[in-house]
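>>> coordinates for the following, if possible.
(chains A and B)
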2 protein chains.
Amino acid sequence: MSNEKEIAVKVVLDSWNSRIKQADEMFGKLTDEQLQKEIAPGRNRAIYLLGHLTAVHDHMLPLLEFEKAAYPQFDEPFLTKPDKAVAELPSAKELRAAWKATNEKLAAHYAKLKTDDWFTRHTSVSPEDFVKEPHRNKLNIVLGRTGHLASHIGQLALIK
Amino acid sequence: MSNEKEIAVKVVLDSWNSRIKQADEMFGKLTDEQLQKEIAPGRNRAIYLLGHLTAVHDHMLPLLEFEKAAYPQFDEPFLTKPDKAVAELPSAKELRAAWKATNEKLAAHYAKLKTDDWFTRHTSVSPEDFVKEPHRNKLNIVLGRTGHLASHIGQLALIK
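Predicted coordinates for the structure are as follows:
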C-alpha cells in the first residue's frame, strides 16, 4: 500500500483530472455559437469562461515553478476586465486550442513532480512565510484551482 | 514544522471550511423571497440548492462513520427528485436551521478526527476494495463534496 502522503497527492490530482475532463466535455459539446451564450441573463458568456479558465490555468505554470505563462494577452480580456468590456475577444478556435494546450502542459509537469515536491512552496509565498505557513504549498494551489474550476462548471451546466 | 500528512489534511479541511463560509454568507444574504428565485430561467431555485446541499452534507455523516443522517425526509424532495417535482418543500426557516446544524455537526466530528483517521476508508467502500484502492478514504469524501459545494456556489452567485 502506498503511503498516506502519496495517497493525499493522488486524491487531489484525481479531483483536478476529473474536473478538467468534465470541463473538456462541456466545452466540447458547445458549438462556437453556443459559446456566445450567457450562462444566465446579463451574466458571463461561455466564451468568457473558456478564456478566463485558460488564463487562470496558464498562470498556474509560473505559480507552480513550471514555466512562464504563455498567454499574457488573455489577462486583460479574461482576468482584469469583466465580460463584454473588451470589444474583440480571441476566436473560439484560438481559445479552445489554448485551453487544451495549457491543461496538457500542466498535466505533463504534474507527471514529473515527485510526491515531496507537492509539499514545497508555490511562488507567491516567500521562503520565510512558508516556514510559518507550510500549507501554502503546490498541492494547495491545485486544490484551490480545482474548486475554482468546479464553480464555473456549475455555471456552464446552465447553458442550453 | 508539521508533517506532510497533517498538512495535506489541513489543506483539504481549509478548502471545505472556506466554501462552507462562502455558502453561509450567500444563503445568509438571500431573503426568503429571493430563495424562491431560479438561478437561471427554468433552472433550480436557490431554496432547492439549500435543501440539496443540506441533504448531501447530511449523508456525509454516516459515510464518514460519524452518525446517522438526520433528515431522511429531505432525500425525496432534494436528492431523488428535481426541483418543482414536489409540491411542498420544507420552509426556508427549517432548511436554514438544518443547513446550519448539519455543517456544525460535521465540523464537530472533523475536529475529533486524528490525522491518520482521515486516511481510513469511508463506509461506501468495502474493506477488501479499500486494500486495493486506498485513496477511497474519508479525506477524499470531503474533497469531493467541497467540489460539489463549489459548483453550486458558482450557481448561487447568479441570483440577483
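
>>> got the residues of chain A near chain B?
A:1-2, A:4-5, A:7-12, A:14-15, A:19, A:39-41, A:43, A:116, A:119, A:131, A:134-135, A:137, A:139-140, A:143-144, A:146-148, A:150-155, A:157-158 (C-beta under 8 Å from any C-beta of the partner chain). Where C-beta positions appear, they are placed from N, C-alpha and C, glycine not excepted.

>>> now the helices for chain A?
A:4-29, A:32-35, A:46-63, A:75, A:92-112, A:127-132, A:138-156 (DSSP state H).

>>> now render those helices as JSON lines, adding mean pLDDT and distance to B:Arg96.
Shown next, in JSON lines, are those (pLDDT from 0 to 100; distance: least, C-beta to C-beta, whole Å):
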{"stretch": "helix A:4-29", "mean pLDDT": "97", "distance to B:Arg96": "29"}
{"stretch": "helix A:32-35", "mean pLDDT": "97", "distance to B:Arg96": "36"}
{"stretch": "helix A:46-63", "mean pLDDT": "98", "distance to B:Arg96": "30"}
{"stretch": "helix A:75", "mean pLDDT": "98", "distance to B:Arg96": "40"}
{"stretch": "helix A:92-112", "mean pLDDT": "98", "distance to B:Arg96": "39"}
{"stretch": "helix A:127-132", "mean pLDDT": "96", "distance to B:Arg96": "37"}
{"stretch": "helix A:138-156", "mean pLDDT": "98", "distance to B:Arg96": "21"}
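
>>> so which residue is dead centre in chain A?
Computing the C-alpha centroid of chain A and ranking residues by C-alpha atoms, centre = their mean puts A:His57 first, at 3.3 Å.

>>> quick one: contacts for it?
Contact analysis of A:His57 by C-beta atoms under 8 Å, 6 or more residues apart in numbering or on different chains lists A:Trp99, A:Thr102, A:Asn103, A:Leu106, A:Arg145.

>>> try A:Ala69
Neighbours of A:Ala69 in contact, by C-beta under 8 Å, 6+ apart: A:Asp58, A:His59, A:Leu61, A:Pro62.

>>> measure the residue nearest to the centre of chain A to A:Ile141 for me?
A:His57 is 11 Å from A:Ile141, where distance means C-beta to C-beta, to the nearest Å.

>>> what of A:Lys5?
In terms of C-beta to C-beta, A:Lys5 sits 17 Å off from A:Ile141.

>>> what subset of the residues of chain A next to chain B is buried?
A:4-5, A:7-9, A:11-12, A:15, A:19, A:39-40, A:43, A:119, A:134-135, A:137, A:139-140, A:143-144, A:146-148, A:150-155, A:158 (16 or more other C-beta atoms under 10 Å in any protein chain shown).

>>> on the pLDDT front, check A:Met1 for me.
Turning to A:Met1, the model gives it a pLDDT of 44.

>>> good, we can wrap up now.
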